[in-house]
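> With the input below, show me the fold.
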Amino acid sequence: MSQHTQMAILPLDPSVHDRAGFDCGVEALNRYLREQAGQDIRRHAAGCWVLAEACDPTRVLGFYTLSPESVEAAQIPELSPSQRKRLPRYERLGAALLGRLAVSTAVHGQGLGTQLLYDAMHRALTAEIPSVLIVADPKDEKAETFYTGHGFHPLDASRMFILMTDVAELFRTRDSHR
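Down below sits the predicted model:
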């Protein structure tokens, strides 16, 4: 795949996208895409978006899922005073759950995970139903390191989060440097 290959991130269409051919090296994620993602979409439990080349839209190079979530405000660890000030004073805070994010082993190391993450963050930021934070469920230490590198913080022993105000700032900063 060359640097100039046109990519598209589109909603999963089980009649178009080859889910059986996807392999990210983590069987639970492969199985989810193959067997459960379509059901979650039909049941409105989660949205699933896939990354594919424009010249071969059936081949899934990566995917992510988003679904609604809420988090107890008291569950959020210590924040700086300025961050705490930006949170609404509710017992439960609306969140977007980035439940799964995976990239095919055939294209590891090409920055596609970051591309998928930024698409998910942008989609959550601009959603018609707003949320206060994005929660991620990293599957292993490598995934935790990936999310940490993109501004996520530990929420509890198995989850991470980033405030939506930080996501908005990330896009403002990124866009102003273009």
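> Any stretches of this protein with poor pLDDT?
1-4, 175-178 (pLDDT under 70).
> can you map out the helices along it?
When secondary structure is read from DSSP state H, the chain shows helices at 27-31, 37-42, 81-85, 112-125, 141-148, 164-176.
> I'd like to know which of the ones you listed is closest to residue 12.
Closest to residue 12 of the helices of the chain, according to CB to CB: helix 37-42, at 5.7 Å. In short, each C-beta sits where N, CA and C put it, glycine included.
> Please spell out which residues along that closest one are buried.
In terms of neighbour count (16 or more other CB atoms under 10 Å), helix 37-42 has its buried residues at 37-38, 40-41.
> so which two of these are the farthest from each other?
Set against one another by CB to CB, these have their most distant pair in 38 and 40, with a gap of 7.3 Å.
> The residue in the chain sticking out farthest from the centre: what's it in contact with?
With distances taken from the mean C-alpha point of the chain and given as CA atoms, centre = their mean, the most distant residue is residue 81, at 26.9 Å. Residue 81 sits next to no residue when contact means CB atoms under 8 Å, 6 or more residues apart in numbering.
> now swap in residue 24 and tell me
With CB under 8 Å, 6+ apart as the criterion, the residues that contact residue 24 are 30, 62, 102-105.
> go again using 6 Å as the cut-off
The neighbours of residue 24, taking CB atoms under 6 Å, 6 or more residues apart in numbering as the test, are 102-104.
> do the same with residue 150
Going by CB under 6 Å, 6+ apart, the list of residues near residue 150 reads residue 117.
> Got phi/psi on it?
Main-chain torsions, residue 150, degrees, to the nearest 10: phi -110, psi 20.
> Name the residues of stretch 47-65 that are buried.
47-52, 59-65.
> Which ones among these lie within strands?
Where those overlap with strands, as defined by DSSP state E, the overlap consists of 47-52, 62-65.
> which of the buried residues of stretch 47-65 sit farthest apart?
Maximum pairwise distance among the buried residues of stretch 47-65 (CB to CB): 20.4 Å, between 47 and 59.
> Can I get stretch 88-97 as CSV, trimmed to CA atoms?
Coordinates of the C-alpha atoms in stretch 88-97 are reproduced here as CSV (Å, rounded to 0.1, in the frame of the first residue of the first chain):
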residue,chain,number,x,y,z
PRO,A,88,-20.9,19.3,34.4
ARG,A,89,-22.1,18.7,38.0
TYR,A,90,-24.2,15.6,37.4
GLU,A,91,-23.9,12.2,39.1
ARG,A,92,-23.7,10.4,35.8
LEU,A,93,-21.9,11.7,32.8
GLY,A,94,-22.8,10.8,29.2
ALA,A,95,-20.0,9.1,27.3
ALA,A,96,-19.2,7.6,24.0
LEU,A,97,-17.8,4.1,24.4
